[in-house]
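Trainee: sequence first, predicted model second:
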Amino acid sequence: MLRAAYCRYNLKFREPAITSRSTMLDKLTYFVKIWDTEYPEIYGIGECALFRGLSCDDRPDYEDKLACVCRNISRYNPDETSDYPSITFGVETALYDLSNGGRRIPFPSPWAKGETSIPINGLVWMGTADKMRERVSEKIAQGFHCLKFKVGGIDFDDEFKILQSIRHHHPAEELEIRLDANGAFTPQNAMERLERLCSLNIHSIEQPIRARQWTAMKEICRLSPIDIALDEELIGISSTKEMAEMLSAISPAYIILKPALCGGFSGAANWIETASKLGIKWWVTSALESNIGLNAIAQWTSRLCTVIPQGLGTGALYTNNIESPIRQIGQVVTYNPEAEWLIPDLPWIYPG
């Protein structure tokens, strides 16, 4: 018989993380573990990576729902968490992990054996001009050829000057620049800003305006000189029919898949299938998960035969992340099967 428990875990940022929405100093997440009562020493673990202020399941009853799922784990049906994608993500991970022996290998692959690597983009958070140049220099020194910049967190003219300076020192053949506006532009100013940014040879920009403005977003995708990628637009859409309706209506160049926000791995797979039928490209991105969630996303991504840089974090954002075999080497993420997971004693809650 299956049993489950959960716990809270507060991740602490090394430096304030600035986006157009907020400045984050920490991030609350949840872990879930599942085991068979006949073999209690073997358990799967997953991360219910709730993202406050962004996840569609950021609701007052979140923890009650998680406790209910744990209490009835032997009868778990994914349909019951369709409105709670981060819980789906965590439970799927834990079940896959348990089914593979509770070794933190939810998705066995050559990557999890240390035989392959996943190319990733480096992430540069907005800040002062000096701080951003310092961060870019660090990423370039590490070997990155693709960087993603968060924009919209400070004055746009200042951001543009910083990006212009970075492009001046690092031409397009040396550095691919991706942008993420997190909905910071408006339908009124988006096109003017995209025209200016186009001069910097930008690969793509994620979510230039807030989600749920389909008519405006469709027009931006049609006219923009920079490829548009949808990110927050995917949140809260769970049925294949709704996926097809939204993608057909807007016609973006890319969609950004964050399993913890868009229906777990099953939901992300549906997005890929739906987008592919419409000729829309995609890549996978983590969403500030701990190494528990990042590991699952990386293992899943490694089986998709991707070739372009993915948006996977490296676990270095936090001072108290879970120690794992995940390693960043230059611009790729690898897994060292000889290294150990060091999961601390956690304050598990066992719903009755």
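Mentor: The structure has been received and is ready for your questions.
Trainee: contacts and neighbour counts: CA atoms only from here.
Mentor: Noted.
Trainee: next up, the contacts around the residue lying farthest from the centre of the chain.
Mentor: The centre of the chain is farthest from one residue, residue 38, which by C-alpha atoms, centre = their mean lies 35.0 Å away. Going by C-alpha atoms under 8 Å, 6 or more residues apart in numbering, residue 38 touches residue 1.
Trainee: equivalent analysis for residue 314, please.
Mentor: For residue 314, the contacting residues are 294, 326-328, 333, by C-alpha under 8 Å, 6+ apart.
Trainee: can you tell me the element it falls in?
Mentor: When elements are assigned from DSSP states H and E, residue 314 belongs to no helix and no strand.
Trainee: tell me the secondary structure at residue 33.
Mentor: Per DSSP: H, G, I helix; E, B strand; the rest coil, the secondary structure class of residue 33 is strand.
Trainee: just for the stretch 1-150 of the chain, where's the confidence low?
Mentor: For the stretch 1-150 of the chain, the stretches with pLDDT under 70 are 18-22.
Trainee: would you map the helices across it?
Mentor: Applying DSSP state H, counting those that start in this stretch to the stretch 1-150 of the chain gives helices spanning 62-71, 85-99, 129-142.
Trainee: all strands of this protein, in order?
Mentor: For the chain, the strands defined by DSSP state E cover 2-18, 23-36, 43-48, 118-119, 122-124, 146-150, 176-180, 204-206, 227-230, 254-257, 281-284, 326-329, 332-335.
Trainee: just send these back as JSON lines, with mean neighbour count and distance to residue 103 too.
Mentor: Output for the strands of the chain, formatted as JSON lines (neighbours: other C-alpha atoms under 10 Å; distance: least, C-alpha to C-alpha, whole Å):
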{"stretch": "strand 2-18", "mean neighbour count": "18", "distance to residue 103": "17"}
{"stretch": "strand 23-36", "mean neighbour count": "19", "distance to residue 103": "12"}
{"stretch": "strand 43-48", "mean neighbour count": "28", "distance to residue 103": "8"}
{"stretch": "strand 118-119", "mean neighbour count": "23", "distance to residue 103": "21"}
{"stretch": "strand 122-124", "mean neighbour count": "24", "distance to residue 103": "28"}
{"stretch": "strand 146-150", "mean neighbour count": "22", "distance to residue 103": "32"}
{"stretch": "strand 176-180", "mean neighbour count": "22", "distance to residue 103": "35"}
{"stretch": "strand 204-206", "mean neighbour count": "23", "distance to residue 103": "35"}
{"stretch": "strand 227-230", "mean neighbour count": "24", "distance to residue 103": "34"}
{"stretch": "strand 254-257", "mean neighbour count": "25", "distance to residue 103": "25"}
{"stretch": "strand 281-284", "mean neighbour count": "19", "distance to residue 103": "23"}
{"stretch": "strand 326-329", "mean neighbour count": "18", "distance to residue 103": "14"}
{"stretch": "strand 332-335", "mean neighbour count": "21", "distance to residue 103": "13"}
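Trainee: quick one, which of those is nearest to residue 78?
Mentor: Closest approach to residue 78 among these (C-alpha to C-alpha): strand 43-48, 13.9 Å.
Trainee: which other helices and strands contact that closest one?
Mentor: Counting contacts by 3 or more C-alpha pairs under 8 Å, 6 or more residues apart in numbering; DSSP states H and E, strand 43-48 is packed against strand 23-36, helix 85-99, helix 291-302.
Trainee: returning to what we had before: deepest of the helices of the stretch 1-150 of the chain, which one?
Mentor: Greatest average neighbour count among the helices of the stretch 1-150 of the chain goes to helix 85-99 (a mean of 27), per mean count of other C-alpha atoms under 10 Å.
Trainee: now the angle from that one to strand 23-36?
Mentor: Using axes from the mean of the first three to the mean of the last three C-alpha atoms, to 10 degrees, the inter-axis angle of helix 85-99 relative to strand 23-36 is 40 degrees.
Trainee: what's the angle between helix 85-99 and helix 291-302?
Mentor: 80 degrees.
Trainee: apart from its chain neighbours, what residue comes closest to the residue most central in space within the chain?
Mentor: The structure's the chain has its C-alpha centroid closest to residue 286; by C-alpha atoms, centre = their mean the separation is 2.2 Å. Distances taken as C-alpha to C-alpha, 6 or more residues apart in numbering put residue 312 closest to residue 286, at 5.1 Å, once the chain neighbours are dropped.
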